[in-house]
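S.K.: show me how the following folds:
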Amino acid sequence: MATLGYAANLDAGGGQRWLNSYEECRYWGVTCDTSGAVAQINISGRDQGGELPEEISMLPSLLFFDASSNECSGNIPEGFGLLPNLITLRLQQNSLTGNLPQSFANSSSIRNLLLDRNELSGPFPSATLGQMTGLRVVSTFGNRFTGDITGDLCSLELDTFLTDCENDGCYTRCID
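M.R.: From the prediction side, this is the model:
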């Protein structure tokens, strides 16, 4: 937790202490479950920057992570795709770059994936998303993805799918 606080510059400005000796369940924006394991992290809207650390994968009980509306930069850590219980990942409105890590293809727990309004680029990650069997909500608009959205997404039971589509035919027939 201290690594996240340091990497995302969470001690700056607001007087909220992340880099201290308190147990992490007392940190601002952190909620723990009844066993004392970190279950939720909500650091949205802090206008803080920095890279999200790979050490996020050391929180196996994490269910919810929200770093939206900040100035986070760098790539999305592979560690998010390795979290066995993560249900919601909200990273919209940052300056994240790269593409969706391949580790996400192994995630069956993520239901809500919000990545809109970043600087993600490369081929649209249809194949990776298509393997995420638990997905119900996907938002990727406002990025720099290229290419078509392939049929890999057709087997998913998506409730919401929001993306940019500037090319004719970039949607597959199974997505309305």
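S.K.: okay, now Ser155: neighbour count?
M.R.: 10 (other CB atoms under 10 Å). Glycine gets a C-beta too; all of them are placed from N, C-alpha and C.
S.K.: which SSE is the residue nearest to Ser103 when sequence neighbours are not counted in?
M.R.: In space, and not counting its chain neighbours, Ser103 is closest to Gly81: 3.1 Å by CB to CB, 6 or more residues apart in numbering. Element membership for Gly81, per DSSP states H and E: helix 79-82.
S.K.: what sits up against that helix?
M.R.: The contact list for helix 79-82 (CB atoms under 8 Å, 6 or more residues apart in numbering) reads 53-58, 65, 86, 89, 101-107.
S.K.: does Ile56 belong to a helix, a strand or coil?
M.R.: helix (DSSP: H, G, I helix; E, B strand; the rest coil).
S.K.: got a winner among the contacts of helix 79-82 for most neighbours?
M.R.: Busiest of the contacts of helix 79-82 [other CB under 10 Å] is Leu86, holding 26 neighbours.
S.K.: ranges for the strands of this structure?
M.R.: Using DSSP state E, the strands of the chain run over residues 30-32, 38-42, 49-51, 64-66, 71-75, 88-90, 95-97, 112-114, 121-123, 137-139, 144-146, 160-162.
S.K.: with mean pLDDT and distance to Cys154 added, can I get these in CSV?
M.R.: Output for these, formatted as CSV (pLDDT from 0 to 100; distance: least, CB to CB, whole Å):
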stretch, mean pLDDT, distance to Cys154
strand 30-32, 90, 36
strand 38-42, 94, 32
strand 49-51, 84, 34
strand 64-66, 97, 28
strand 71-75, 94, 28
strand 88-90, 98, 22
strand 95-97, 97, 27
strand 112-114, 98, 17
strand 121-123, 92, 17
strand 137-139, 94, 13
strand 144-146, 89, 18
strand 160-162, 89, 11
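S.K.: would you mind putting these into JSON lines with distance to Cys174 alongside?
M.R.: Below are those laid out as JSON lines (distance: least, CB to CB, whole Å):
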{"stretch": "strand 30-32", "distance to Cys174": "37"}
{"stretch": "strand 38-42", "distance to Cys174": "33"}
{"stretch": "strand 49-51", "distance to Cys174": "36"}
{"stretch": "strand 64-66", "distance to Cys174": "29"}
{"stretch": "strand 71-75", "distance to Cys174": "29"}
{"stretch": "strand 88-90", "distance to Cys174": "24"}
{"stretch": "strand 95-97", "distance to Cys174": "28"}
{"stretch": "strand 112-114", "distance to Cys174": "18"}
{"stretch": "strand 121-123", "distance to Cys174": "19"}
{"stretch": "strand 137-139", "distance to Cys174": "14"}
{"stretch": "strand 144-146", "distance to Cys174": "19"}
{"stretch": "strand 160-162", "distance to Cys174": "10"}
